[in-house]
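Enquirer: Sequence isn't available, so here's the structure alone:
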């Protein structure tokens, strides 16, 4: 995509402002039908330009965006339509971000880049699969029911009429496997499955052996798990995937982050006030960190091109800042923080083992965790947990975990040990003794 | 429309012989998905046009698919990719894909008034007016969000024997009033309306008042005491049960890979003969509607449970062949650079013979389940996980007005299906959502059915 040609067209249109983002993505995918037979191998290439135009009307600003896939695509009708939208959908004016100083966020793996450059991306993906398969062959009492692998390289260039110019490049390897554990034969055969997924920014972070052995152990534990009888009254400790999903759900927004967004504040939907307590728990500090190296939630700039910065939203239980884009930062007189990154929680001062006392239930995986972002309410099925009894770790499943994220914060205890898993970085274990409960079904 | 698409159709048809040079089966799919998204709340009006355009070329070598996806419309690159795919040789053995009847057709579903014919100014005015009327319908709302999503999805499918095009319009209005509960907690209500044409955006004052009043009731809703209840499920709730708890487990790849409990029951009785569950994209006006799927298969209806007996899975071409069952029109992809999977479309319980009135009258003490925020599939375990259920107490056959917010529904699917006491003749497919394969590959779907009276529903 010829950026200069597009820029010339935008300058010639005599607008009050414009923004141009050119995105490229190259991807290869491998889908397995059986453990040895691919169902589909795919290669795709995407290139598009997302254009936003701005018109000022006194103290108001109109903006509208459109997408093109070729710099020679008919521009005039799209521009005409965009200007009509500008004239109708006006909002209080704000300045476009100017020249930025971008942090050098490491997001692109040289090995993956080299594979794409040399046309060896399929081979790189196949190698990842072979490692995965070799690790799987060492496991007992599980079968590989499904597998998908994706390798991608993305690049984005952003520029605007205020002199902003930035570019970024990222790579990813995504792996998803479904392992079915089994025991018995014929009519007495029992099966359970566990889905494990991992996305990493570089090949070196993909440890196929531990990924598979961990998933296989969980699949076997689910098969051996007891159903939780009645209502659990002891403490609940979240670890592993469950902890990541609790703070940074894959679907929807984390309630603790939702209320920390300047946009929500502007809409009157945030209950946070700067300087006001969110929780009485002085040990709770929450950040959005888009600068973590090779973290899949990291980013260099947001959709406006504003530089992404680490921002502390809650410090020692008190709201200290909001995550703000250029527009909402200007409206609320807040510093612009750029794109949201990984949810980062400050660690505590207790050992994880001290949180996992006898009688507690450790939850390691939810079937799905989708909280109500606004109220903080949730109900989620436990895919796998462990009850601590007489020093033993007994697997449990089939229980509903319900509660309210905000009501759980006050009595929360954070482990000293830390973990970083995709969009979460923080304590490796968190214990809750109030605001939630676990009930078997 | 046909004239506009014809050159593209002809060009894609010219690629098929190139792609099949190695003896494989080739298909080409052009996707042009344009949307206008308008977000209106008390503080701002935001408008965005998005577009996704590209082509997927595929060859099947007898054992597997080889896909190439290219964004935009780039004839030179497409020709080159077709030639590359043409070098792939057909493999010996493997399974043959079922080829539908030859066809050459162009389809359009744009409603009574094609939204493209309405000036954008008028569209924004209508969204603003809807917002204003919703806010005016209750003095207690903190804010309200109106989300208008206008889609225009154009697809061309070409294979050796089939040349098809379809243009489907969609006007979806989502309404979310926000309100403060007594304890200061912010809550919201959710409603949506979908239709193919602009006429679907006309919302009466009566409808908006009903939505605002419901939000007011949510503000005073309480938490439900966990337990087992006699419940009357609305079409929205019965649809979610059909979709999440059963439908996912009937997607052919899941069945064939041994990932679905349903595989053990095909041809066997699972529940009473009054229960039938179906899927199909064939009903115009439903959110999951289309004329043909992304593999060129014309819209069909699949009875997944036929009078209590587990019947047939939903298939794409590959998994239909692997399972040796007839193809259904469920081969779908999120976009041209995604994989085709067997996916649901409009999923529903078939209607019965009872009336909603008589079902309500049967409840001495129970709950009326209005809707929920969503659910998650568990095809292997048949566990039910439905969250964010909004329920209302029923006493002596009457709705009391006492609401419960954010309940979770759980249970074991065969138990729940076997606990169905009555199925209503009243029927609707109101869903307007999107469904993921796990947490990815989102496609538009709908779900619904009749009212269901079910005993011993576990709610937490």
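Expert: Okay, I see it. Nothing here was measured: the structure is a model prediction, and the numbers come from that model.

Enquirer: dump the residue contacts of residue 319.
Expert: The chain I'm using is chain A. Counting by C-beta atoms under 8 Å, 6 or more residues apart in numbering or on different chains, residue A:319 makes contact with A:260, A:272-278, A:313. From N, CA and C alone the C-beta is placed, and that goes for glycine too.

Enquirer: right idea, wrong chain: chain B
Expert: Counted by C-beta under 8 Å, 6+ apart, residue B:319 has contacts B:252-253, B:255-256, B:313, B:342.

Enquirer: if you look at the contacts of residue A:319, which of them are in strands?
Expert: residue A:313 (DSSP state E).

Enquirer: about what we covered before: keep the contacts of residue B:319, but drop any that are not near chain A.
Expert: Restricting those to those adjacent to chain A (criterion: C-beta under 8 Å from any C-beta of the partner chain) gives residue B:253.

Enquirer: Make TSV from the contacts of residue B:319 and add pLDDT and distance to residue B:22 to it.
Expert: Formatted as TSV, the contacts of residue B:319 follow (pLDDT from 0 to 100; distance: C-beta to C-beta, whole Å):
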residue	pLDDT	distance to residue B:22
B:252	94	27
B:253	92	26
B:255	90	31
B:256	87	27
B:313	97	31
B:342	97	26
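
Enquirer: Tabulate the contacts of residue B:319 (TSV), appending neighbour count and secondary structure.
Expert: Listed next are those as TSV, based on neighbours: other C-beta atoms under 10 Å in any protein chain shown; DSSP: H, G, I helix; E, B strand; the rest coil:
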residue	neighbour count	secondary structure
B:252	27	helix
B:253	25	helix
B:255	26	helix
B:256	22	helix
B:313	27	coil
B:342	27	strand
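
Enquirer: on that earlier part again, closest to chain B among the contacts of residue A:319?
Expert: Nearest to chain B among those, counting by C-beta to the nearest C-beta, is residue A:272 at 11.7 Å.

Enquirer: got the contact list for that closest one?
Expert: Residue A:272 sits in contact with A:259-260, A:265, A:278, A:313, A:319, A:322, where contact means C-beta under 8 Å, 6+ apart.

Enquirer: Count the neighbours of residue 125 for me.
Expert: Answering for chain A, as no chain was given. 24 (other C-beta atoms under 10 Å in any protein chain shown).

Enquirer: actually chain B
Expert: By the measure other C-beta under 10 Å, the count of residues near residue B:125 is 12.

Enquirer: tell me what the host helix or strand of it is packed against?
Expert: Using DSSP states H and E, residue B:125 sits within helix B:120-136. On a contact count with 3 or more C-beta pairs under 8 Å, 6 or more residues apart in numbering or on different chains; DSSP states H and E, helix B:120-136 meets helix A:76-88, strand B:25-40, strand B:45-60, strand B:141-159, strand B:162-180, helix B:205-219.

Enquirer: how does it look with 6 Å?
Expert: Applying 3 or more C-beta pairs under 6 Å, 6 or more residues apart in numbering or on different chains; DSSP states H and E, one finds that helix B:120-136 makes contact with helix A:76-88, strand B:25-40, strand B:141-159.

Enquirer: buried stuff in that helix?
Expert: For helix B:120-136, the neighbour count (16 or more other C-beta atoms under 10 Å in any protein chain shown) marks B:120, B:123-124, B:126-128, B:130-131, B:133-135 as buried.

Enquirer: try stretch B:263-275
Expert: By neighbour count on 16+ other C-beta under 10 Å, the buried set for stretch B:263-275 is B:263, B:265-266, B:270-271, B:274-275.

Enquirer: Kindly report the same for stretch A:170-190.
Expert: In stretch A:170-190, counting by 16+ other C-beta under 10 Å, buried: A:170-182.

Enquirer: ok, and the closest non-adjacent residue to residue A:232?
Expert: Closest residue in space to residue A:232, ignoring its immediate chain neighbours: residue A:438 at 4.0 Å, by C-beta to C-beta, 6 or more residues apart in numbering or on different chains.

Enquirer: Below-threshold pLDDT in chain A: ranges please.
Expert: Chain A contains no residues with pLDDT under 70.

Enquirer: Just the helices from it, written as ranges.
Expert: With DSSP state H as the criterion, chain A has helices at A:3-12, A:76-88, A:110-117, A:121-137, A:208-224, A:240-247, A:255-258, A:262-266, A:326-332, A:352-355, A:405-409.

Enquirer: now the closest residue to residue A:108 other than its chain neighbours: how far from chain B?
Expert: Nearest residue to residue A:108 in three dimensions, chain neighbours excluded: residue A:169, at 4.4 Å (C-beta to C-beta, 6+ apart). Look at residue A:169 and chain B: by C-beta to the nearest C-beta, to the nearest Å, they are 18 Å apart.

Enquirer: Off-centre distance for the lowest-mean-pLDDT helix or strand in chain B?
Expert: Least confident helix or strand, chain B: strand B:374-376 with a mean of 85, by mean pLDDT, DSSP states H and E. Remark: strand B:374-376 is offset 13 Å from the chain centroid, using C-alpha atoms, centre = their mean, to the nearest Å.
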